[in-house]
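> When you get a sec, could you give me coordinates for this:
(2 chains)
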Amino acid sequence: MPVKTLFVDPSRCIGCRACEAACRECDSHKGESMVMVDFVDRATSVATQPTVCMHCEDPVAPCAQVCPVMAILITPDGVVQQAETSRCIACRNCVYACPFGVPKMDAEARLMKKCNLCYDRTSRGLQPWCAQACPTQALWYGDYEEFVNQRRGRAVRHTVFGAQEVRTRVCHVLPEEQSRLDVVALLKEAQLAAAEANLGFAPREEAWVL
Amino acid sequence: MIRRELPAATVAVLAAAVLVLLISLGSRGFKDFDSALVGYAVAVIFATAAIIYRYSLWITRPPTWRYFKAGWTNFLSWRNFRRYTSLIPVAWWHDIFAQTFILKRGLQRWVMHMSIFWGVVISLLITLPLTFGWIRFTLVPPDSYLFWFFGLPLFQFPIEAGTGFAFFHALDFTALLLILGVAIALWRRTTEVGLLTTQRFGFDLVPLVLLLAIAVTGLALTASSLWWGGRFYWFISLTHQVVVVGWLLSIPFGKFFHIVERPASIGVTLYQTINQEVEHYGEQPQTGRCRCCGQELPSPQFVDDLKVTLVDLHQNYDLGDDRGWLQDYCPTCKRVLRGQAYSQLMGKRFL
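Next up, the predicted model:
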């Protein structure tokens, strides 16, 4: 049976936060969204990016690996669950180890919370709330074949953070020519482009939001 | 993964041997040992070995070992000893005796867990010494009992008075406490949508059913001897023993391992409070700062420890040049960095 997962395409995100609102409705983390929508560069752009747990496969769940009390369990189909309530001691290792900035910490209740891919729904063949609510399919749920048939772009599971490459269960949608999202290399490019623009080598784009 | 090796099997067998020795000592060479309870005693010995085996494997995981080693080193250092010892009662109060963090999760959950916790703990404090032959009572004519512990006479009390009643029915009271807690837990697990959607049968429900079975069969023993003229006693006691043995042997494998983990992990919270400035027992200044936005992080020591743990796990999030490690950034900035990289890749196609 093909593995269904989320496909995250930030280029389609319009920042409506319907995903956050839908996530907040879930009874397993009442009133709190496990999806985060962030402005990419608030000063110059209205571009936004949704973040869900990427459910890292290799290295498998860094959040779970750094947990000193084994509170973060992984299902046989690779879904990294939020912290087990009887074990979590709020040490915050998972919060700062996660390369994607996903786990949230309720320090008073001694509990880490994170997206668990709406496991109650996805384990029964339904799609997660965020994908259900997203009007632009920036968050889209399906298997790889469905993605290839229905969507444009390339589903990429590899994100590179400097020396560390991380393969995830959840995919980013990138242009066809890209096989991975190399964060540091792209940030360097951006830095270089900004420097060139400042020196007058390249035409500087006007800010989108002033 | 760089993992410290501990001879877990040897440590487990040693622990079981020490327990057998203590049983022998406390029961005066098995003279006071109640052979009717031998099933329980053997199960406790096996469970002890299994728990210690699991514990040894647990503490050798890289993040746990780091805290285990650093926690003991700091506790035993002269510089920190006073801070540790003054914080230990606070930690035990909040984490074990009063479990104030569960109160923050909800009053009903707190009442439920306190009932289950004290029901189990007091029951164990009574039954384990009884099973090991460490406790016994001898008649002091005409109407008193002498309480013996570990072969030593401790005090005398009248059989018919409140003390006697409280002593002989202590396990009935703890069973009632346990039933109250389990009833609340089962109520929550059958009515709350959030729990219904995420609970697992083996991990979340079976433990409750086991505890309920122990409490009910335990009370039935009293009912049989007091009101049913001893009928069904053999069957009930055998059932009770089977369920208790099942529960004991399940401790290392499922949800009940938190009975061991919770007290043991106080070492982590103490180390984090004193050495890493992580807030656990009240506010404390957070000295770390996000490399990008300057938002508070626990402390440089916390981040450094985390980086070393990640290296032990063969993970290296060094971003190169002057960007530091990914762990030097707050969660929001990590997400924004990734978004900016994506934005660079997509250009005008982003939006």
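> Next, residue B:229: secondary structure please.
Recorded secondary structure, residue B:229: coil (DSSP: H, G, I helix; E, B strand; the rest coil).
> That one: how many residues sit nearby?
The local packing of residue B:229 (other CB atoms under 10 Å in any protein chain shown) involves 9 other residues. (Each C-beta comes from the backbone N, C-alpha and C, glycine too.)
> So the residue nearest to residue B:316 when sequence neighbours are not counted versus residue B:338, what's the distance?
Of all residues not flanking residue B:316 in the chain, residue A:163 sits nearest, at 4.4 Å (CB to CB, 6 or more residues apart in numbering or on different chains). Counting by CB to CB, to the nearest Å, the gap from residue A:163 to residue B:338 is 16 Å.
> Neighbour count for those two, which is higher?
Neighbours per residue (other CB under 10 Å) separate residue A:163 from residue B:338, with residue B:338 holding more: 26 against 14.
> The residue nearest to residue B:316 contacts residue B:320, doesn't it?
Yes - with contacts counted by CB atoms under 8 Å, residue A:163 reaches residue B:320, the gap being 7.2 Å.
> helix, strand or coil for residue B:252?
With three-state DSSP as the criterion, residue B:252 reads coil.
> Now do the contacts for the residue nearest to residue B:316.
By CB atoms under 8 Å, 6 or more residues apart in numbering or on different chains, the contact list for residue A:163 reads B:316-318, B:320.
> out of the residues you listed, which are buried?
Among the contacts of residue A:163, those buried by neighbour count (16 or more other CB atoms under 10 Å in any protein chain shown) are B:317-318.
> Please produce a markdown table containing the contacts of residue A:163, extended by pLDDT, secondary structure and distance to residue B:27.
A markdown table is the format used below for those (pLDDT from 0 to 100; DSSP: H, G, I helix; E, B strand; the rest coil; distance: CB to CB, whole Å):
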| residue | pLDDT | secondary structure | distance to residue B:27 |
| --- | --- | --- | --- |
| B:316 | 95 | coil | 56 |
| B:317 | 96 | coil | 56 |
| B:318 | 95 | strand | 59 |
| B:320 | 88 | coil | 65 |
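> What are the buried residues along the longest helix seen in chain A?
Longest helix of chain A, by residue count under DSSP state H: helix A:183-199. Neighbour counts over helix A:183-199 (16+ other CB under 10 Å) mark A:183-188, A:190, A:193 as buried.
> Using pLDDT, spot the least trustworthy of those residues.
The lowest pLDDT within the buried residues of helix A:183-199 belongs to residue A:193, with 85.
> For residue A:127, give me phi and psi.
When read as degrees, to the nearest 10, the backbone of residue A:127 gives phi -90, psi 160.
> Now it: closest residue in space that isn't a chain neighbour?
Residue A:127's closest residue in space is residue A:141 (CB to CB, 6+ apart), at 3.8 Å.
> Now do the same contact list for that neighbour.
Residue A:141 makes contacts with A:4-7, A:122, A:127-128, A:131-132, as judged by CB under 8 Å, 6+ apart.
> Out of those residues, the closest to chain B would be?
residue A:122 (11.3 Å; CB to the nearest CB).
> List the residues that contact the closest one.
A:4, A:79, A:128, A:141.
> in which helix or strand would I find the spatially most central residue of chain B?
Among the residues of chain B, the one closest to the centroid is residue B:259, at 2.0 Å (CA atoms, centre = their mean). Following DSSP states H and E, one finds residue B:259 within helix B:258-264.
> Please enumerate the strands of the stretch 1-150 of chain B.
Along the stretch 1-150 of chain B, counting by DSSP state E, counting those that start in this stretch, strands occupy B:135-140, B:144-149.
> Export these as JSON lines, with columns for distance to residue B:123.
Shown next, in JSON lines, are the strands of the stretch 1-150 of chain B (distance: least, CB to CB, whole Å):
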{"stretch": "strand B:135-140", "distance to residue B:123": "14"}
{"stretch": "strand B:144-149", "distance to residue B:123": "17"}
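> closest one to chain A among those?
Closest to chain A of the strands of the stretch 1-150 of chain B, according to CB to the nearest CB: strand B:135-140, at 30.4 Å.
> ok, residues contacting that closest one?
With CB under 8 Å, 6+ apart, strand B:135-140 has contacts from B:32, B:126, B:129, B:145-149, B:156.
> still on that earlier bit, can you turn the buried part of the contacts of residue A:141 into a PyMOL selection?
What follows is the PyMOL syntax for the buried subset of the contacts of residue A:141, where burial is set by 16+ other CB under 10 Å:
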select buried, chain A and resi 4+5+6+7+122+127+128+131
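> what about chain A, any weak spots by pLDDT?
Scanning chain A for pLDDT under 70 picks out A:199-210.
> go with 80
Residue ranges of chain A with pLDDT under 80: A:1, A:27-28, A:196-210.
> What segments of it are helices?
According to DSSP H, the helices that chain A contains are A:18-24, A:62-65, A:93-97, A:119-122, A:129-133, A:144-150, A:183-199.
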